[in-house]
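Asks: When you get a sec, could you give me coordinates for this:
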Amino acid sequence: MANDLPADLALPTNLALPPDLTPLIAPASYAECPHVESLQWYGPAKMHPAHLGDRLQGGRFLIVAKLDHENHSLSWLCRDTVHHRWRRVAIIFGSDAITQLWHGGAQRRLRERRRLADDDHHQARADLWGEPLEIFWERGPSATHCCVVLPLNGPWGLFRQEIWDKTTVSERWLVRQCGRLRGPGGGAAPESVHDITTEEMVRILGRPQIIPVTDELWERWVYMPNVRREHVPRYLVLRPARIEEDWEFWLSPDAFETYKA
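Replies: You can find the predicted model right below:
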C-alpha cells in the first residue's frame, strides 16, 4: 500500500496511530521541498537527529509532530507524559556559541517567571506569549543539546504559508479545530488544549509527511567528511500543513485575545 513504510521507518509502538494517520512519503523530492530543514544542519555539534515517537528527557516528552524549523533549532510538538500537557520543545544546535546564546536568553525569561510566580496575570501573559517553561539537556550522538520547553502560544507557534509569511497557531485555534473535528455527535470541544488526544492532535495538524534519507540522498547531499550516518535522522519530517485558512477565527475576538498584553 502507498502508506506502508519500510520497517526501519515505522513509528515506535508508543506512538501507534491508525493507518490513515501513519506517515506518508512526501511526493516532492528533497531538492524540491522547502518544508524540511537542510541535511547540512546535521553533523558534529549541530542538530540532534530526532524522529516521530522518540522520547526526550528520559522518556517524559513524547515527540508527536514536527512544528517548525528555524535558525539553529527544530521545534517538535510533544506530549508531556508526566504532567499530561502539550508542549513545544525546541532542540537547539549543539555548538557552544549557539547553546550559550539560547540558554542565556531562556534562563533570563525563566528567572522572571519564577520571580513573579505568585502573579497570576504575569503567568497568564507569559503563557500567551510563549515564554519558556523549563530547560533540559538531551545527549545526542555528537553533542549535548539544550532543549527549551514552551507553551503552544506566542511567536513560536508559527506555521509558514505559501501566501502569508507566517500564521500564528494558538492553543485557542487547536481547541476550536478539535471541536470541529468531534462534530455535533462527537461531544463538546475540549475545555483545554491539553485535553486533546494524540490522535486528534495529529488529525488537526494533518497526516505527517516524511522524506527518507536514503543512501542516494546521503551520497548526494551530505558533504562534510566528519558526518556519520548516526548524526543524521533516518528521515526528515515536513512542516505540518494547515487544515484550512481559518479566517473566521483569526478575525474573531477570540483570536485577538491571544495578543493582549
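
Asks: Restricting to C-alpha, output the helix or strand containing L181 in PDB.
Replies: Following DSSP states H and E, one finds L181 within helix 171-182. C-alpha atoms of helix 171-182 as PDB (Å, rounded to 0.1, in the frame of the first residue of the first chain):
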ATOM      1  CA  GLU A 171      -4.000  26.900  21.800                       C
ATOM      2  CA  ARG A 172      -7.400  28.600  21.100                       C
ATOM      3  CA  TRP A 173      -7.200  27.600  17.400                       C
ATOM      4  CA  LEU A 174      -6.300  24.000  18.300                       C
ATOM      5  CA  VAL A 175      -9.300  23.800  20.700                       C
ATOM      6  CA  ARG A 176     -11.600  25.200  18.100                       C
ATOM      7  CA  GLN A 177     -10.300  22.800  15.400                       C
ATOM      8  CA  CYS A 178     -10.800  19.900  17.900                       C
ATOM      9  CA  GLY A 179     -14.400  20.900  18.400                       C
ATOM     10  CA  ARG A 180     -15.000  20.900  14.700                       C
ATOM     11  CA  LEU A 181     -13.300  17.500  14.400                       C
ATOM     12  CA  ARG A 182     -15.500  16.000  17.000                       C
END
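
Asks: Which is the succeeding secondary structure element to it?
Replies: As assigned by DSSP H and E, the chain's next helix or strand after helix 171-182 is helix 198-205.

Asks: What helices and strands are in contact with that following helix?
Replies: Contacts defined by 3 or more CB pairs under 8 Å, 6 or more residues apart in numbering; DSSP states H and E place helix 198-205 against strand 61-70, strand 73-80, helix 171-182. All C-beta spots, glycine's among them, are computed from the backbone N, C-alpha and C.
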